[in-house]
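Q: what's the 3D shape of this:
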Amino acid sequence: MEIIVGKNAGICLVAQKAIDRMLEEAKKDSVYCIGEIVHNRNVVESLEKVGINFIKKVEESKGTIIIGAHGVSKDIYESIKKTNKEVIDLTCPKVMNVKKIAEEYFEKGYFIIIFGKPNHSEVLGIKSIAKNECVNIANKDQVSETLNRIKDKNRILIISQTTFSSAKFDEIVEEIKKQLKMDVILEVKKTVCSTTEIRQKETKEIAKKVNAMIIVGDKESSNTNELYSIACKYCDNTQFVLNAEELDFSLIKKDDKIGIMAGASTPKEDIYKIKNALLEFEKINKKED
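A: Residues are numbered from 1 along each chain as shown. This next block holds a predicted model:
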């Protein structure tokens with residue numbers, strides 16, 4: 001058995017720093033995080049065990065308020081300010097940059113097209129800035145209907161959720177340019193995170209040369225779902241698991257070449273446990289031979 005673990009697999013630097021800061025804050029009493037710090041159940045549960053309270057409404061907070069890596073919408077920011085409580089903003093700088101771009105162009109009178117998951121925290125945050133002057137697109141099939149709805153707009157900005165598919169971004173932009181009328185001013189800002197792009201490219205490269213592919217992460221994680229989608233295109237035998245306990249060994253053969261990739265919110269230890277479980281499986285099979 002040969003196991004290839006992606007060099008860029010697993011938790012990103014920003015998410016790790018946010019988690020480390022939360023672990024430090026957990027030493028204090030009454031610490032509350034709005035939403036999830038990252039989209040990974042293992043991470044959230046481990047933080048709950050050390051005393052972090054995860055809440056959905058600002059009113060539920062009785063102490064320090066932490067804003068997670070995906071950020072929150074404008075109205076929630078305003079509600080937090082009114083509490084006069086200590087606030088620790090751990091929003092990813094790249095997410096903050098997308099919001100800054102959205103605000104800048106909204107003030108210039110641009111209508112904003114946002115590529116991404118409709119109910120994702122990042123997308124909701126951008127929508128809260130652009131108010132009614134925005135629309136969300138998740139795939140190429142929505143282009144015609146969207147452009148028909150906004151045919152009176154003459155200034156359009158295209159941005160995206162930072163964890164959106166890089167390839168899909170280019171594909172949708174190309175389709176929009178094909179269908180857009182000539183007198184529209186179009187600004188395109190590819191706000192897909194560079195590390196997300198690198199991780200997606202590496203997933204494709206690994207999936208092309210293995211017999212089995214394992215994507216590690218939470219199914220609520222947009223960027224991990226994208227890795228799974230990419231892997232499935234190039235490797236028919238692809239599993240999407242949260243941890244080693246979810247591995248389906250009936251899909252693994254002792255002489256397989258296996259690729260492992262993980263999303264930006266997946267702890268490194270979860271990847272190591274997957275690899276160790278595969279090595280243990282190989283060891284047991286060798287004994288039986």
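Q: dump the residue contacts of residue 95.
A: Residue 95 is in contact with 69, 70, 71, 122, 125, 162, counting by Cβ atoms under 8 Å, 6 or more residues apart in numbering. The way it works is simple: take the backbone N, C-alpha and C, and place the C-beta from them, glycine included.
Q: quick check: mean pLDDT across the helix or strand where it lies?
A: Assessed by DSSP states H and E, residue 95 sits inside helix 93-107. Here helix 93-107 scores 96 as its mean pLDDT.
Q: so where do the strands sit in the stretch 51-200 of the chain?
A: Using DSSP state E, counting those that start in this stretch, the strands found in the stretch 51-200 of the chain span residues 52-55, 64-67, 87-89, 111-115, 134-137, 155-160, 185-188.
Q: restricting to C-alpha, output the fourth one in PDB.
A: Extracted in PDB, the C-alpha atoms of strand 111-115 (Å, rounded to 0.1, in the frame of the first residue of the first chain):
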ATOM      1  CA  PHE A 111     -24.500  45.900  -8.300                       C
ATOM      2  CA  ILE A 112     -22.700  42.900  -6.800                       C
ATOM      3  CA  ILE A 113     -22.800  39.300  -8.100                       C
ATOM      4  CA  ILE A 114     -21.500  36.900  -5.400                       C
ATOM      5  CA  PHE A 115     -20.400  33.400  -6.200                       C
END
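Q: make TSV from the contacts of residue 95 and add pLDDT and neighbour count to it.
A: TSV is the format used below for the contacts of residue 95 (pLDDT from 0 to 100; neighbours: other Cβ atoms under 10 Å):
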residue	pLDDT	neighbour count
69	89	25
70	89	26
71	90	25
122	92	26
125	92	24
162	94	23
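Q: nearest to residue 56 among those residues?
A: residue 70 (13.7 Å; Cβ to Cβ).
Q: what's that closest one in contact with, if anything?
A: Here residue 70 is in contact with 35, 36, 38, 39, 91, 92, 95, 120, 121, 122, 125 (Cβ under 8 Å, 6+ apart).
Q: cool, residue 226 as well?
A: Taking Cβ under 8 Å, 6+ apart as the definition of contact, the neighbours of residue 226 are 163, 164, 165, 196, 200.
Q: what of residue 18?
A: Residue 18 makes contact with 37, 38, 68, 69, 90, 92, according to Cβ under 8 Å, 6+ apart.
Q: could you rerun that using 6 Å?
A: Counting by Cβ atoms under 6 Å, 6 or more residues apart in numbering, residue 18 touches 37, 69, 90.
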